[in-house]
Every structure is written in C-alpha cells, then in structure tokens.
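Undergrad: okay, predicted coordinates and the sequence, questions at the end:
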Amino acid sequence: MNTSKLKLTQRTVKEHRCPDNKLQLILWDTEVKGLGVRAVRDYVKDGQRVPGAKTYVFQGRVKGAHTERRITIGRVDAMPLEGDDTNRDEARHGARQRARKLRNMMDMGRDPMAEQARAKTAEALDQERAKSEAVTLRQVVEHYVANKKTRNGPLKANTVRDINKHLDKAFSEWADKPIKSITRAMCERRHRELATGGLTGERPAPAQARQAFTVLKAIINWAMEKYRVGDEPLIRENPVRVLKGQMAPPKARNIRVPTERVGHVWEALRAIRADHAHMPATHTQADALMFMLLTGARADEALSLTWDRVWLGDDEGTWHLPDPKNGRPVTYPLNKAARELMAARPRRKGNDHVFPARSGKGHAGTPRGPAMQALIDAAGCHQTRHALRATFTTIARNVLRMDSGDVDLITGHVPTTVVDKHYRETSDLRWAAPELERIGSWITQQGDKAAGRNVVALPDRAKRANSA
C-alpha cells in the first residue's frame with residue numbers, strides 16, 4: 001500500500017484521492033504522528049463515477065508490544081479534522097483530538113482495540129442480563145411446555161393443563177412478573193396461604209399447595225438451566241427449596257371400592273343404564289364407569305376412546321391405545337362383559353367417540369351426576385374415577401391372585417422385570433385375554449350375587465390346577 005506524508009488540512013483532506021491503479025491510499029499527518037486519512041479508489045455505479053470513501057485512521061504501537069495497531073477513527077464526512085478541545089463530549093472532538101488520545105493510551109501501555117472489545121462485550125452482557133432478568137414466570141412456563149421432553153416424548157395434554165391451572169390460579173399474581181423476582185419469603189408466604197386456605201381462602205388445601213409448588217419448582221429449575229447471563233445462571237438457587245420439610249407429604253391414592261361392595265356397585269351402574277328415565281348423558285357416564293371397572297383403564301384413556309380403535313368379534317375383542325401414559329402403543333383384549341357393554345352402546349352420527357359428550361364432537365367429561373352418586377352410594381364410601389382402576393388392580397392381585405407382571409401390563413404400567421421387558425409381548429396383549437375374562441366374570445358374578453340371582457362360583461386358579 002502506497003502512503004505519503006503531509007500536514008493535514010481541510011483542503012488537503014478534501015483533495016486527497018486514491019488513483020485508479022490502487023485499492024486505497026493513506027495520507028499521513030505530519031503534525032500528529034500516527035494520524036492519517038485513507039481514501040479508497042472511485043467506483044462506477046449505474047454508469048456514474050462515485051468518489052471512494054475517505055476515513056480518518058490512527059496507527060501506533062502499544063508500549064511493550066511488538067506489533068502496530070491500525071484503528072479507524074471515523075468517516076471524513078462525519079467529523080471535522082479539528083474539533084472542540086474544551087468540550088467533554090467526545091462526539092464533538094475532531095480527528096486530531098481523538099488521535100492524540102489514542103497516542104496517549106498506547107504510550108501508557110493501554111490497547112485501545114482491546115479496551116473497545118471489552119467495552120462491547122460488557123455492553124452485550126448488560127443487554128443480555130437485562131433481557132434475561134425481564135423474563136416472566138409465564139414466559140418460562142410457555143418455553144417449558146413447548147420444549148420439555150420426557151422419556152415418553154412431549155408433555156401430555158393433561159400435564160400442560162395442570163401446569164397452566166397452577167400458573168393462572170395459585171400463582172396468578174406472579175405470572176407476569178420476572179421469574180427472578182420470586183424469593184424464598186414469597187414462596188413461604190404463598191405456600192402458607194394455599195395450605196391453610198386454599199385458592200379461595202375458605203378451607204385448607206395442603207395437597208393442592210404441594211402440587212402447585214412442585215410444579216413451580218420444576219419451572220424454576222428449567223429457568224436455572226435454560227436462562228443464563230454469560231456463563232452464570234439467571235437464578236443461582238431455587239427459592240422453592242425453602243419449603244423442604246414444610247410441605248404436606250404426597251397423598252396416597254388408596255381410594256377403591258371395598259371388595260365386598262364391588263357387586264353392589266356393578267348392579268347400581270347396571271340399574272342406571274337400564275333406567276330410561278335417566279338422560280342419555282347419564283347412561284353414557286354409567287357405561288364409562290363400568291368400562292373403567294372392567295378394563296382398569298385410566299379415565300382419560302377410556303373417555304377419549306373412539307370407535308376406530310375398538311374391534312368387537314363374536315368371541316373376542318380389543319381396544320387400542322396409540323399414545324398411553326407410558327408412551328408405548330398397546331392393544332388390550334376385551335372381556336365378554338366389556339364386549340357386551342360396547343355392543344350395546346349407541347353410535348352418534350358425527351361423533352366417533354365411544355362415550356360422546358352431550359353435544360358436539362368431543363368426548364364425555366369426568367363422570368359425575370346420578371351415575372357417580374350411584375357408585376358412591378353402592379360403595380358406601382367416597383369414590384373417585386381413579387378408584388375403579390385401583391379396584392380393578394385389587395381384584396386382579398388380591399382376589400384372583402394373578403401374576404404381578406401380568407397385572408402391570410394389563411393396567412398400562414412399564415414392565416419391571418427382565419422377563420416382562422424382553423420376553424413378553426407388550427404391544428399386543430391379546431395373550432392376556434383369559435386373565436381379563438377372569439376379572440370380568442368375577443365382577444359380573446359379584447353383581448349377580450348382590451342382586452340375588454343364582455350364580456356358579458368361579459373356581460380358583462390354584463384349585464383348577466390341582467384338579468387338572
């Protein structure tokens with residue numbers, strides 16, 4: 001690169017040009033060592049010759065360094081050669097003032113380019129910190145719901161619903177505030193409010209408080225992992241940890257129909273189905289409850305079942321779950337009682353659900369009303385929809401003494417033994433039809449006994465083996 005030296009003036013700067021045979025040319029100032037004006041050659045645009053840009057530059061060596069630095073000061077058309085030395089605003093300084101400042105910095109061993117880079121890094125870090133610290137609890141929840149993966153894939157719809165429920169009810173006052181602003185004291189205070197008064201402040205809800213803060217803990221853990229400032233986490237410690245040892249223990253889900261009352265429950269639900277005085281929606285609810293008792297299905301799995309996933313044969317039948325809770329598609333056999341129940345179900349035009357909603361294309365909601373009340377009255381104690389699944393498991397394990405691995409599989413649990421995992425067919429359980437038939441027969445026989453009908457007892461499996 002060709003260079004020349006001359007005292008820079010407004011005139012010499014204006015007249016400085018780069019010849020066409022060079023890419024650029026620097027004219028160095030003789031007054032301030034290291035200051036120069038760089039011109040690049042002209043170019044042609046749309047048939048017109050356009051003058052090349054001119055910029056002030058500074059070149060010097062940092063004290064103690066072995067190489068020189070060349071720094072761009074600014075465009076000639078954006079700053080004067082001489083500026084206002086008395087003004088502290090650097091924007092009013094000219095090229096010579098800035099060049100002198102750079103010279104002084106280098107003479108003191110300071111690298112202007114390194115300092116400029118550090119300043120840019122610090123500014124970017126400040127912007128990143130401000131952006132991260134403004135992230136709200138709701139935004140983190142949205143990010144969690146959209147990106148969280150479990151071993152079975154994305155979060156289930158019910159899980160997302162529960163998370164949003166806690167956000168909008170238990171933590172509504174925090175939802176649109178920065179998640180970083182949630183403190184240990186806030187967690188203790190809100191937990192105490194929920195545990196002693198619930199969402200309405202009218203009655204204690206310790207289990208609900210535990211569920212809400214278990215969700216909040218997971219959300220803040222997500223924020224600690226995903227939102228960072230540089231290499232530092234946005235939140236260093238999860239404030240929900242302050243509640244360790246203070247939250248109510250998980251409530252055991254041990255509600256089930258007493259074994260001696262299973263027959264009474266079956267008959268009560270059959271009576272609901274047979275009573276034409278009830279609304280069709282009540283019949284649907286009763287059928288859904290009976291289906292759960294006969295199959296051990298989770299309520300959501302049963303209620304969302306569609307006819308295209310049901311097959312009813314003369315002597316056998318199946319129903320299919322493409323996306324169960326454990327993430328493994330599976331086909332279950334249907335016992336005789338379940339097949340008869342399904343065969344009697346009316347089909348609604350325009351709605352493919354086995355248990356349709358009162359109107360529209362959706363499925364029935366959580367069983368309630370006369371059908372659930374009949375179940376509770378017949379059981380003689382409080383019941384929930386999950387109680388029927390627990391009752392099914394109790395009948396299989398404790399009454400009929402079925403193999404534990406078989407029970408796990410027909411109730412949709414992940415196999416726990418090596419044999420069940422690797423040597424059993426776990427996606428098509430039609431081989432378990434005899435076991436499902438035993439459960440269905442036992443339930444219907446208990447119903448016959450409760451109604452006073454003559455029945456023949458189902459022989460115990462051990463007795464059958466001995467007689468064989």
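TA: Cool, the structure landed.
Undergrad: ok, residue 77 - how many residues close by?
TA: Neighbour count for residue 77, taken as other Cβ atoms under 10 Å: 8. Just so you know, the C-beta spots here come from the backbone N, C-alpha and C atoms, and that holds for glycine as well.
Undergrad: no no, residue 286
TA: Neighbours around residue 286, by other Cβ under 10 Å: 27.
Undergrad: check residue 332 too.
TA: Counted by other Cβ under 10 Å, the residues lying close to residue 332 total 25.
Undergrad: can you name the residues bridging to it?
TA: Beta-bridge pairing for residue 332 (DSSP bridges): residue 319.
Undergrad: sticking with residue 36, tell me its helix or strand.
TA: strand 35-40 (DSSP states H and E).
Undergrad: one more: residue 166?
TA: helix 157-169.
Undergrad: so how far is the helix or strand that that helix is followed by off the chain centroid?
TA: The helix or strand immediately downstream of helix 157-169 is helix 184-197, counting by DSSP H and E. Distance of helix 184-197 from the chain centroid (Cα atoms, centre = their mean, to the nearest Å) equals 24 Å.
Undergrad: now for helix 184-197, which elements pack on it?
TA: Packing partners of helix 184-197 (3 or more Cβ pairs under 8 Å, 6 or more residues apart in numbering; DSSP states H and E): helix 206-226.
Undergrad: so for the helix it packs on, mean pLDDT?
TA: Helix 206-226 comes out with an average pLDDT of 94.
Undergrad: describe which strands the strand holding residue 36 pairs with in its sheet and in which direction.
TA: When DSSP bridges is applied, strand 35-40 pairs with strand 24-28 (antiparallel), strand 54-61 (antiparallel).
Undergrad: any idea which of those gets closest to residue 432?
TA: If you check each of the strands paired with strand 35-40 against residue 432 by Cβ to Cβ, strand 54-61 wins as the nearest, at 81.6 Å.
Undergrad: only the buried residues of the closest one, if you could.
TA: By neighbour count on 16 or more other Cβ atoms under 10 Å, the buried set for strand 54-61 is 54-60.
Undergrad: give me the buried positions along stretch 434-448.
TA: Neighbour-count burial for stretch 434-448 [16+ other Cβ under 10 Å]: 435-448.
Undergrad: I meant stretch 382-399, not that one.
TA: Quick answer for stretch 382-399 (16+ other Cβ under 10 Å): 383-385, 387-397, 399.
Undergrad: sorry, back to before: what's in contact with the strand holding residue 36?
TA: 3, 8, 13, 16-18, 23-29, 52-59, 73, 76, 95-96, 99 (Cβ atoms under 8 Å, 6 or more residues apart in numbering).
Undergrad: now that strand: mean pLDDT?
TA: The model assigns strand 35-40 a mean pLDDT of 95.
Undergrad: re earlier: and of the buried residues of strand 54-61, the nearest to residue 140?
TA: Of all the buried residues of strand 54-61, residue 140 sits closest to residue 55, with 45.8 Å by Cβ to Cβ.
Undergrad: residue contacts, the closest one?
TA: Residue 55 neighbours (Cβ under 8 Å, 6+ apart): 37-38, 72-76.
Undergrad: residue 146: helix or strand, and which one exactly?
TA: Residue 146 is located in helix 137-147, with elements delineated by DSSP H and E.
Undergrad: with the buried residues of stretch 382-399 in mind, which one is nearest to residue 145?
TA: Nearest to residue 145 among the buried residues of stretch 382-399, with distances taken as Cβ to Cβ, is residue 385, at 25.1 Å.
Undergrad: not counting its neighbours along the chain, what's nearest the closest one?
TA: Spatial nearest neighbour of residue 385, chain neighbours left out: residue 299 (4.3 Å); criterion: Cβ to Cβ, 6 or more residues apart in numbering.
Undergrad: likewise residue 311?
TA: Excluding the flanking residues, the one nearest residue 311 by Cβ to Cβ, 6+ apart is residue 318, at 4.9 Å.
Undergrad: need the three-state assignment for residue 413.
TA: coil (DSSP: H, G, I helix; E, B strand; the rest coil).
Undergrad: look up phi and psi at it.
TA: Dihedral pair for residue 413: phi -100, psi 150, per degrees, to the nearest 10.
Undergrad: roughly how far apart are it and residue 426?
TA: Applying Cβ to Cβ, to the nearest Å, the value for residue 413 to residue 426 is 11 Å.
Undergrad: any regions of the stretch 351-468 of the chain where pLDDT drops low?
TA: 415-424, 454-468 (pLDDT under 70).
Undergrad: next step: the buried residues of stretch 434-448 restricted to helices.
TA: 435-448 (DSSP state H).
Undergrad: in TSV: these, plus distance to residue 144.
TA: TSV is the format used below for those (distance: Cβ to Cβ, whole Å):
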residue	distance to residue 144
435	40
436	39
437	44
438	44
439	39
440	42
441	46
442	44
443	42
444	46
445	49
446	46
447	46
448	51
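Undergrad: next, the contact list for the residue positioned nearest the centre of the chain, please.
TA: With distances taken as Cα atoms, centre = their mean, residue 145 lies nearest the centre of the chain, 2.4 Å away. For residue 145, the contact set (Cβ under 8 Å, 6+ apart) comprises 155, 160, 163-164.
Undergrad: 6 Å instead, please
TA: residue 160 (Cβ atoms under 6 Å, 6 or more residues apart in numbering).
Undergrad: which stretches of the stretch 1-150 of the chain form strands?
TA: Secondary structure of the stretch 1-150 of the chain (DSSP state E, counting those that start in this stretch): strands at 3-5, 24-28, 35-40, 43-45, 48-50, 54-61, 68-75, 149-150.
Undergrad: where among those is the average confidence lowest?
TA: Minimum mean pLDDT among those: strand 3-5, a mean of 77.
Undergrad: now do the buried residues in stretch 239-256.
TA: 239-240, 242-243, 247, 255-256.
Undergrad: gap between residue 64 and residue 106?
TA: For residue 64 relative to residue 106 (Cβ to Cβ), the value is 10 Å.
Undergrad: ok, those two, which is more surrounded?
TA: Neighbours were counted for residue 64 and for residue 106 using other Cβ under 10 Å; residue 106 has more, 22 against 8.
Undergrad: list the contacts of that one.
TA: Counting by Cβ under 6 Å, 6+ apart, residue 106 makes contact with 60, 62.
Undergrad: let's see the pLDDT reported for it.
TA: Per the predicted model, pLDDT is 92 at residue 106.
Undergrad: same thing with residue 303?
TA: The model's pLDDT for residue 303 equals 93.
Undergrad: tell me who's in contact with it.
TA: Residue 303 touches 355, 363-364, counting by Cβ under 6 Å, 6+ apart.
Undergrad: how about the backbone phi and psi for it?
TA: Here residue 303 shows phi and psi, under degrees, to the nearest 10, equal to phi -70, psi -30.
Undergrad: show me the contacts for the nearest residue to it once chain neighbours are set aside.
TA: Closest residue to residue 303 apart from its sequence neighbours, by Cβ to Cβ, 6+ apart: residue 363 at 4.9 Å. Neighbouring residues of residue 363 by Cβ under 6 Å, 6+ apart: 303-304, 353, 355, 357.
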